[in-house]
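In: Next come a sequence and a model predicted from it.
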Amino acid sequence: MKILSIQSAVAYGHVGNSAAVFPLQRIGVEVLPVYTVNFSNHTGYGAWRGPLISPNDVRDVITGIEERGVFPEIDVVLSGYQGGEGIGDVIVDAVARVKAANPSAVYACDPVMGNAKSGCFVAPAIPELLRERVVPVADIITPNQFELGYLTGTEPDTLVSTLESADAAREMGPSTVLVTSVERPDRERETIEMLVVDDAGAWIAQTPLLPMKANGSGDVTAALFTAHYRRLGDAAQALAHTVSSVFDLLRTTHESGSRELQLVESQTFYAHPRLQFPVRQVR
């Protein structure tokens, strides 16, 4: 499997491609990383250095890959945080060109906009860009529960309303919706869930909620789920593998006391997920 991953990069720590690439490689996926920024560290520190890469430069890198004749071999285009409007257009164009070369290729979009604690933290134009131009051409999207609501103009909280919001998102274009950070009023205390909906049904998995914030965990989740789903063709199995690996990555990080994901230290959990959390069909 080959994945063209168009995301940010940092030298220190793990977000964007600096979070997604290694776990994908560890499960045997060939990744072609294209960077949209090249920062010293993620912006959560409040200070960072390094360049935003212009949309034209990102487009040039993608064109260079195309000129090597690789597009017919690409199975997935993956994108995450979009810092500006121009990058969205570059990604949509890349998806069209990859799909023209390989009609079986899919586009997986992580529509990064914010979270329940911080609210929306992207530029004001980004949500509209995602809603109007990017999500409609995606096959898979991986929003958290807050982003799902923001994207669809709904307020998902219960299982029923979250399923309804996922259906609303699917009506926008994507056939598969993975919802992360699902928090229901009636769930068990100190737990968190992940829900996937596709044409075959809907499934949910619950894990303990760890008392931590980990930048980059959503990027790992989107990458692993997309690869497993593409390889297995089964949403429930892909969810089981992803939930297991991401929980053990977060647990290892929490136990280390580090602010940054212990991405390399957790590599066994990507290649050999323990599958310790049951997946329950809810539709």
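Out: Noted; the coordinates are in hand. Numbering: from 1, shown residues only.
In: avg pLDDT for whatever helix or strand Thr268 lives in?
Out: Per DSSP states H and E, Thr268 falls inside helix 267-271. Taken as a whole, helix 267-271 has a mean pLDDT of 98.
In: Over to stretch 143-158?
Out: Mean predicted lDDT for stretch 143-158 stands at 96.
In: buried ones in that stretch?
Out: 143-152, 154, 156-157 (16 or more other CB atoms under 10 Å). (Glycine included, C-beta is placed from N, CA and C.)
In: Could you do stretch 72-80 as well?
Out: 74-80.
In: Can you give me the end-to-end span of it?
Out: Criterion CA to CA, to the nearest Å; first-to-last residue distance in stretch 72-80 is 22 Å.
In: buried ones in stretch 87-104?
Out: Of the residues in stretch 87-104, 87-92, 94-95, 97-99, 102 count as buried by neighbour count, 16+ other CB under 10 Å.
In: ok, Ser161 - how many residues close by?
Out: By other CB atoms under 10 Å, 15 other residues sit near Ser161.
In: picking up where we left off before, would you list the buried residues of stretch 143-158 in JSON lines and tack on secondary structure and distance to Asp198?
Out: Listed next are those as JSON lines, based on DSSP: H, G, I helix; E, B strand; the rest coil; distance: CB to CB, whole Å:
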{"residue": "Pro143", "secondary structure": "coil", "distance to Asp198": "15"}
{"residue": "Asn144", "secondary structure": "strand", "distance to Asp198": "18"}
{"residue": "Gln145", "secondary structure": "helix", "distance to Asp198": "18"}
{"residue": "Phe146", "secondary structure": "helix", "distance to Asp198": "21"}
{"residue": "Glu147", "secondary structure": "helix", "distance to Asp198": "18"}
{"residue": "Leu148", "secondary structure": "helix", "distance to Asp198": "15"}
{"residue": "Gly149", "secondary structure": "helix", "distance to Asp198": "20"}
{"residue": "Tyr150", "secondary structure": "helix", "distance to Asp198": "21"}
{"residue": "Leu151", "secondary structure": "helix", "distance to Asp198": "17"}
{"residue": "Thr152", "secondary structure": "helix", "distance to Asp198": "17"}
{"residue": "Thr154", "secondary structure": "coil", "distance to Asp198": "19"}
{"residue": "Pro156", "secondary structure": "coil", "distance to Asp198": "17"}
{"residue": "Asp157", "secondary structure": "coil", "distance to Asp198": "22"}
